[in-house]
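*Asks:* Okay, here's the prediction I keep looking at, along with the sequence it came from:
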Amino acid sequence: MSQGSASRRPVLVIAEAGVNHNGDMARALDMVDAAAEAGADIIKFQTFKAERLAAASAPKAAYQKERTGSGESQLEMLRKLELDVAAHETLIERCTMRGVAFLSSPFDLESVDLLRRLGSPIFKVPSGEITNLPYLRAVADAGLPVLLSTGMADLGDIEAALAVFEAKGVELSCITVLHCTTQYPTPMDEVNLRAMNTIAAAFPGVNVGYSDHTKGIEVPIAAVALGATVIEKHFTLDRFLPGPDHAASLEPRELAAMVRAIRNIELALGDGRKRPTASELPNRAVARKSIVAARAIAAGEIFTDENLTAKRPGTGLSPMRWDAVLGRTAARDYQPDEQIELP
């Protein structure tokens, strides 16, 4: 996940299942299959116990009310979306079988411990936890690479969170800061994708990425072009299912299209060195020009701007040597369009 065009590793693509399984284990397993078939590197779920995440009085966000109604509390909604330990183990087993990495965002201290016991290789800090000091310390204690989401945050919030990790000995090179906007779906005029580069400039040493909540695939692809090393994108098996995040999620065929586009953009970005490509080289002779006789030139005649011109193919003297030819004497006769030779 390092920065730099010449040495950058492949972009890590995270298919964010989140809570789009709606508490249905069969659907969650189908999502693992879909993420693997789409070519995602990681499928990510969410690990929490509703009672430890939200108080009974905690209100729903406006987008949650819009998608799930206001007749239940946030706590009641979250209870339906929990995954227990056995579910985690089953999902990990399915991920291993399908060749896609398992990841889950912990939302409380007990969930951090659970994911450590389950062997999580990375910790993903959700945007809502960036100001939770005990939580950040618990994640830092794991000593693993960290993905830090920054929805609703400013640079001061990010600086404070990074200081917690540094104080615990986590190197900045092990942290990827994900720019994101916590609104589902995110309006285009609130994406502010350049903020990702602002983060990179403000905190040298961290990697940057983008967690996308917009509709469609344009913005994550643009983020890759701007240097994102990680892309996280919500997906669902059916955008019309009930639940808070489905509407801002890709369906499997769209997820696959996004992964293909990201891989193509990675190839297109190249290593940054300006040089002709292998497929271009044969075209040089066809598209470039050579110095030729503009009319018949007799032996002993002086080459001038009037009796010379430049025409394809580019197999003779380059027109960039024009000044070196002017004033020289023709060593032989030349027919019109014949390439000029110098002794």
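*Replies:* Received the coordinates, thanks.

*Asks:* what's the helix or strand of the chain with the lowest mean pLDDT in contact with?
*Replies:* Scoring the helices and strands of the chain by mean pLDDT, DSSP states H and E places helix 62-68 at the bottom, with a mean of 74. Under the contact criterion Cβ atoms under 8 Å, 6 or more residues apart in numbering, helix 62-68 has outside partners Lys60, Gln74, Met77, Gln183, Tyr184, Pro242, Gly243, Pro244, Asp245, His246, Ala247. C-beta coordinates here come from the backbone N, C-alpha and C atoms, glycine included.

*Asks:* so after that helix, what's the next helix or strand?
*Replies:* Proceeding N to C from helix 62-68, the next assigned helix or strand is helix 74-79, under DSSP states H and E.

*Asks:* all helices for the stretch 1-150 of the chain, in order.
*Replies:* Applying DSSP state H, counting those that start in this stretch to the stretch 1-150 of the chain gives helices spanning 25-38, 50-53, 62-68, 74-79, 85-98, 109-117, 133-141.

*Asks:* Nearest to Pro252 among those helices would be which one?
*Replies:* Comparison of these against Pro252 by Cβ to Cβ identifies helix 25-38 as nearest, at 4.2 Å.

*Asks:* and the closest one with helix 85-98, angle?
*Replies:* 30 degrees (axes from the mean of the first three to the mean of the last three Cα atoms, to 10 degrees).

*Asks:* can you tell me how far the residue lying closest to Gly99 once chain neighbours are set aside sits from Cys95?
*Replies:* With sequence-adjacent residues excluded and distances taken as Cβ to Cβ, 6 or more residues apart in numbering, Gly99 is closest to Ala36, at 5.9 Å. The spacing between Ala36 and Cys95, counted by Cβ to Cβ, to the nearest Å, is 8 Å.

*Asks:* who touches both of the two?
*Replies:* Common neighbours of Ala36 and Cys95 (Cβ under 8 Å, 6+ apart) are Ile43.

*Asks:* how about CSV for the helices of the stretch 1-150 of the chain, with distance to Ile199 and mean neighbour count added?
*Replies:* Listed next are the helices of the stretch 1-150 of the chain as CSV, based on distance: least, Cβ to Cβ, whole Å; neighbours: other Cβ atoms under 10 Å:
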stretch, distance to Ile199, mean neighbour count
helix 25-38, 27, 19
helix 50-53, 27, 15
helix 62-68, 24, 16
helix 74-79, 29, 19
helix 85-98, 30, 16
helix 109-117, 24, 17
helix 133-141, 17, 18
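
*Asks:* export the ones you listed to CSV and tack on distance to Val191?
*Replies:* Shown next, in CSV, are the helices of the stretch 1-150 of the chain (distance: least, Cβ to Cβ, whole Å):
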stretch, distance to Val191
helix 25-38, 23
helix 50-53, 27
helix 62-68, 16
helix 74-79, 26
helix 85-98, 30
helix 109-117, 29
helix 133-141, 26
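
*Asks:* Worst mean pLDDT among those helices?
*Replies:* In terms of average pLDDT, helix 62-68 trails the rest of the helices of the stretch 1-150 of the chain, at a mean of 74.

*Asks:* Show the residue spans covered by the helices in the stretch 151-300 of the chain.
*Replies:* Under DSSP H, counting those that start in this stretch, the stretch 151-300 of the chain gives helices at 155-167, 194-202, 218-226, 252-269, 281-287.
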